[in-house]
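1. model this:
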Amino acid sequence: MAEQGARQMLPEVQRYVESVETANAAQSAAVAAADTKYPERYGYGEEGRRQANSYSEEINRAYTTRADVQEAAWSSLKTSSDPLVKWIAENCADYRQEAQCVLVALPATVGELDDLADQNDWCGVWGKFRQLAIDAGVVAAIVPPSPARKAVFERIDEEGCCRMGTVARRRIGKALDALIQEALSAAPSATDAESVDVSA
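-> Alright, predicted model coming up:
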């Protein structure tokens, strides 16, 4: 996955984000306009009551319009051809703000999303829905650790004061990957090994 600023969101996600931002801006503008339009809404008498009622109606209308636009934008994600986007739209409506953090990062692997979760301190909701999405088959699960890697994790658990959590295991796993890559890069090739003079 490329860096967020150097790539484009999925088209349907881009449209969703733009709709939400436009709705928020329109609601804010409507509230500001109402504040100016009804300056006597806190006053006494008939005029104060009239302005207060009119102000409340316009504010309620602004919030209702924003909610309707955002609801329609969210529903449109359910028609996405991307299985994860569609699944999020159908199952994560109660966590839209958190879900948007995932949506704008797509397309991405689980591992890449895990990295983003670590970097941005995503809340526990990510862990819950991450596994549900894997179980639903809309995103590929991470390959289980090899027996050797699992043994390393177990040894760390034994030597440490407490067992590692999921995030710690993921970070240790990345460190092991880097160490393995370094070892492979430093290892002499078969040709180099044949040319080494061991007669001395």
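
2. please count neighbours and contacts with C-alpha atoms only from this point.
-> Fine.

3. against which helices or strands is the lengthiest helix in the chain packed?
-> Identified as the longest helix of the chain according to DSSP state H is helix 45-76. With contacts taken as 3 or more Cα pairs under 8 Å, 6 or more residues apart in numbering; DSSP states H and E, helix 45-76 sits against helix 11-37.

4. following the longest helix of the chain, which helix or strand shows up next?
-> Per DSSP states H and E, the first helix or strand lying C-terminal to helix 45-76 is helix 83-91.

5. circling back to that earlier point, off-centre distance for the longest helix of the chain?
-> Centroid separation between helix 45-76 and its chain, computed with Cα atoms, centre = their mean, to the nearest Å, is 30 Å.

6. now do that helix against helix 83-91, angle only.
-> Relative orientation of helix 45-76 versus helix 83-91 (axes from the mean of the first three to the mean of the last three Cα atoms, to 10 degrees): 140 degrees.

7. give me the mean pLDDT for helix 45-76.
-> Mean pLDDT, computed over helix 45-76, is 95.

8. what does stretch 157-176 give?
-> On average, the pLDDT along stretch 157-176 is 74.

9. stretch 17-24 too?
-> Computed over stretch 17-24, the average pLDDT equals 96.

10. what residues sit buried inside that stretch?
-> 17, 19-20, 23-24 (16 or more other Cα atoms under 10 Å).

11. can you check stretch 69-88 too?
-> By neighbour count with 16+ other Cα under 10 Å, stretch 69-88 contains the buried residues 69-70, 73-78, 80, 83-88.

12. for residue 179, grab the count of nearby residues.
-> By the measure other Cα atoms under 10 Å, the count of residues near residue 179 is 12.

13. outside of the helix or strand hosting it, which residues touch it?
-> Assessed by DSSP H and E, residue 179 sits inside helix 166-186. With contact meaning Cα atoms under 8 Å, 6 or more residues apart in numbering, helix 166-186 is reached by 118, 149, 153.

14. follow-up on the earlier one: make JSON lines out of the buried residues of stretch 17-24 and add distance to residue 161.
-> Converted to JSON lines, those look like this (distance: Cα to Cα, whole Å):
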{"residue": "17", "distance to residue 161": "44"}
{"residue": "19", "distance to residue 161": "49"}
{"residue": "20", "distance to residue 161": "46"}
{"residue": "23", "distance to residue 161": "50"}
{"residue": "24", "distance to residue 161": "48"}
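
15. what residue lies at the spatial centre of the protein?
-> Central residue of the chain (Cα atoms, centre = their mean): residue 102, 2.3 Å from the mean position.

16. closest one to residue 31 out of the buried residues of stretch 17-24, please.
-> Checking these against residue 31 by Cα to Cα gives residue 24 as the nearest, at 10.7 Å.

17. before we move on, the earlier item: the residue nearest to the centre of the chain contacts residue 113, correct?
-> Yes - counting by Cα atoms under 8 Å, residue 113 is a contact partner of residue 102 at 7.3 Å.

18. now the common contact residues for those two.
-> Residues touching both residue 102 and residue 113 (Cα under 8 Å, 6+ apart): none.
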